[in-house]
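Asker: Fold the stuff below for me.
(2 chains)
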Amino acid sequence: MLDRNEVYSKIIEAIENSLIVENVELSEETHLVNDLDADSIDFATLFMELEEVSDKKIPDDIDISMKDITIGDLVDLVIELESKA
Amino acid sequence: MTKVYVTGTGAITSIGHSASSFWNACLDGKSNVESIPVHWSEYWKSKSKYWSPLKLPDYIEHGFRKFELKQNDPAALNAIIASKEALKEAGFTLKTNSERPLSIDIVEVDPYRIGVFLGTGAGGIQSLLDNYSSMLYSAQLEQNKTGELDNSEIEIEILARVNDFFQGSKNGNVFSLPMFLPNSLAASVGIKYGIKGPVNIEVYACASGNIAIGKAYQAIKRGDIDVAIAGGTEYVDDHYGTTFRGFDVLNTLTTYSGLPEHVNRPFDKDRKNFLFSQGGCGMVVLENEDFCLKRGGTPLAEIVGFSESFDAHHFMQLEPSGAEIRRLIKHVLTKSHLTPDDISYINAHGTGTLSNDQLEAKIIMDIFGCNVSVNSTKGILGHTLGASGALESIVCVKTLVEQRTHPCLNIDTPILPLNFVKSSDCDTYNVALNLSYGFGGHNAALVLKSI
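Answerer: Sure, this is the predicted structure:
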């Protein structure tokens, strides 16, 4: 089981592989829509990357509000998926 | 009527990742022939044992972001890279768009006056097959978890084997739909270079690349656009070898027994069908004369005619009399205001299949006689399907520029006494004819002239 820091690192890697991150310092508080201009296509790419870096399947019908999501929320999501494995 | 010039070329092939390296390998008669992957024999028994694999470029080195690799089929990425090479050779300035950092502006041309004409045989089939297999695999994994499978040793072994070649997302690629739609290949080029004129995909099996360049020529000639990026791209790869097997079971692939470098032998009496190539990409830049000269461009060759015809005979066999190919050649000569004697060089379709070569050689002999120089680029590259006609057009351009062309490989006993090119020594090449025929019955002829 990965600790929170390890999950955070994997999520940063997934974000950098999925979005154009320029002139933004990333932290758990970074807001994906407001700070990184993420749109629905970016989320689809990001979730695919998250599946690769975490080796967990993210359900197609996942109940999550994209417009409010932060990097910290993604960390929670992956930790929750890990705990269900 | 405006003239249409070729001003740039770009290529990704199994023998070189640029137009010049491809061309130099052709001149040297260098092929890339290897045994087919060993594991295919676990699934099916092939008659043909060789192919020409295509090593893909390092896309990150070419400036793509990692997510672009997940959103574009390799056939599209190759077309973007080869287009860039062709645009640079043509002397266009390429600049990153200030608002869309993934897009590149072609500075000298109005985006409404440039188009894309891209040929392909199978479109983004790589993406479709990858995703389909991935979904099947993940469904089996889920069933395994819920105990629906009995976890017998053989099932575990099968899953373990399949797992070895799936390193990606467990949900497949969510972009597989836009990636396998054939038009996505042309759209990817159009999006990357901010092109707002016609962006067309041209799908005519093995004639696709030639017809795409012909359609681009026609669009410029009509005055619809000033500049076109045109060519063909193909990339077929899957763990099972689906496309290779498709051709193999139809007895179209080489079964010549001998050294790997000898199995591909178009126009030789002992040819045993064609060498399958994993793919390739050839792109050219076309411009109308006024636009080209005004911006200070340098023409490499002029396209003077294009024609197409259709056999209406059989999906996989040429019409045996060759009537529609003969009509095609006569038509393109008339449109080009040329006679058979004016043609100094023919880049034949020249697959190496028993029926193609016999008929094509006979038609060439009947119309042009035995003096015209003839070669087959497929004799070097193998058959790159939808890319072949475009790569062969690049060979025509290079031949006209350098006044030399590549030799035919492995013709020990020619099927007819045509003037098959024996060496890459200089000769006189004023007008080139590129012939292509595709499954379905599509025939195409492009005529190019030296400057």
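Asker: What mean pLDDT does stretch B:404-424 get?
Answerer: Stretch B:404-424 carries an average pLDDT of 97.
Asker: Any stretches of chain A with poor pLDDT?
Answerer: Residues of chain A meeting the criterion pLDDT under 70: A:85.
Asker: near chain B, which residues of it show up?
Answerer: For chain A, the residues in contact with chain B (C-beta under 8 Å from any C-beta of the partner chain) are A:17-20, A:22, A:44-45, A:47-49, A:51-52, A:55-58, A:60. C-beta: built from backbone N, CA, C; applies to glycine.
Asker: what about the residue positioned nearest the centre of chain A, which helix or strand?
Answerer: Against the mean C-alpha coordinate of chain A, by C-alpha atoms, centre = their mean, the closest residue is A:Leu74 at 4.2 Å. Assigning secondary structure by DSSP states H and E places A:Leu74 in helix A:71-84.
Asker: picking that back up, and the residue nearest to the centre of chain A, what does it touch?
Answerer: Neighbouring residues of A:Leu74 by C-beta atoms under 8 Å, 6 or more residues apart in numbering or on different chains: A:11, A:32, A:50.
Asker: Closest one to chain B out of the residues you listed, please.
Answerer: Proximity of these to chain B (C-beta to the nearest C-beta) peaks at A:Leu50, which lies at 8.8 Å.
Asker: Any idea how many residues pack against the closest one?
Answerer: When counting by other C-beta atoms under 10 Å in any protein chain shown, one arrives at 25 neighbours for A:Leu50.
Asker: any idea whether the residue nearest to it when sequence neighbours are not counted is helix, strand or coil?
Answerer: Closest residue to A:Leu50 in three dimensions, ignoring its sequence neighbours and counting by C-beta to C-beta, 6 or more residues apart in numbering or on different chains: A:Ala14, at 4.9 Å. What DSSP: H, G, I helix; E, B strand; the rest coil gives for A:Ala14 is helix.
Asker: Report the separation between A:Ala14 and A:Ile71.
Answerer: Per C-beta to C-beta, to the nearest Å, A:Ala14 is found 10 Å from A:Ile71.
Asker: Just want to know which of these two has more residues nearby.
Answerer: Shown here are A:Ala14 and A:Ile71; by other C-beta under 10 Å, A:Ala14 has more neighbours (23 against 19).
Asker: That one contacts A:Asp55, correct?
Answerer: No - counting by C-beta atoms under 8 Å, A:Ala14 stays clear of A:Asp55, with 11.9 Å between them.
Asker: what are the ranges of the strands in chain A?
Answerer: Taking DSSP state E as the test, none of chain A falls into strands.
Asker: any idea how far the residue nearest to B:Lys3 when sequence neighbours are not counted lies from B:Ile220?
Answerer: In space, B:Lys3 comes closest to B:Glu289 once its chain neighbours are excluded; the distance is 4.0 Å by C-beta to C-beta, 6+ apart. Between B:Glu289 and B:Ile220 the computed distance is 9 Å (C-beta to C-beta).
Asker: now do B:Ala76
Answerer: 23 Å.
Asker: Could you do A:Ile11 as well?
Answerer: Counting by C-beta to C-beta - A:Ile11 and B:Ile220 are separated by 49 Å.
Asker: and these two? which has more neighbours close in?
Answerer: Set A:Ile11 next to B:Ile220 and count neighbours by other C-beta under 10 Å: B:Ile220 wins out with 26 against 23.
Asker: so what's B:Tyr5 bridging to?
Answerer: For B:Tyr5, the beta-bridge partners under DSSP bridges are B:Glu287, B:Glu302.
Asker: Could you report the neighbour count for it?
Answerer: Around B:Tyr5 there are 24 other residues, counting by other C-beta under 10 Å.
Asker: The one 3 residues further on now?
Answerer: Applying the criterion other C-beta under 10 Å, we find 26 residues in the vicinity of B:Gly8.
Asker: Enumerate every residue touching it.
Answerer: Taking C-beta under 8 Å, 6+ apart as the criterion, B:Gly8 is in contact with B:85-92, B:284-285, B:300.
Asker: circling back: next, find the distance separating the residue nearest to A:Leu50 from B:Thr405.
Answerer: According to C-beta to C-beta, A:Ala14 stands 50 Å off from B:Thr405.
Asker: Considering the contacts of B:Gly8, which possesses the most neighbours?
Answerer: Within the contacts of B:Gly8, neighbour counts (other C-beta under 10 Å) peak at B:Val284, which reaches 33 neighbours.
Asker: Make sure that one is indeed in a helix.
Answerer: No - assignment of B:Val284 by three-state DSSP gives strand, placing it outside any helix.
Asker: Identify the residues contacting it.
Answerer: B:6, B:8-10, B:86, B:213, B:229-231, B:390, B:393-394, B:397 are the contacts of B:Val284 under C-beta under 8 Å, 6+ apart.
Asker: again, only using 10 Å
Answerer: Contacts for B:Val284 (C-beta atoms under 10 Å, 6 or more residues apart in numbering or on different chains) come out as B:6-11, B:19, B:82-83, B:86, B:89-90, B:117, B:209, B:212-213, B:216-217, B:228-231, B:300-301, B:303, B:390, B:393-394, B:397.
Asker: Many thanks, I have nothing further to ask.
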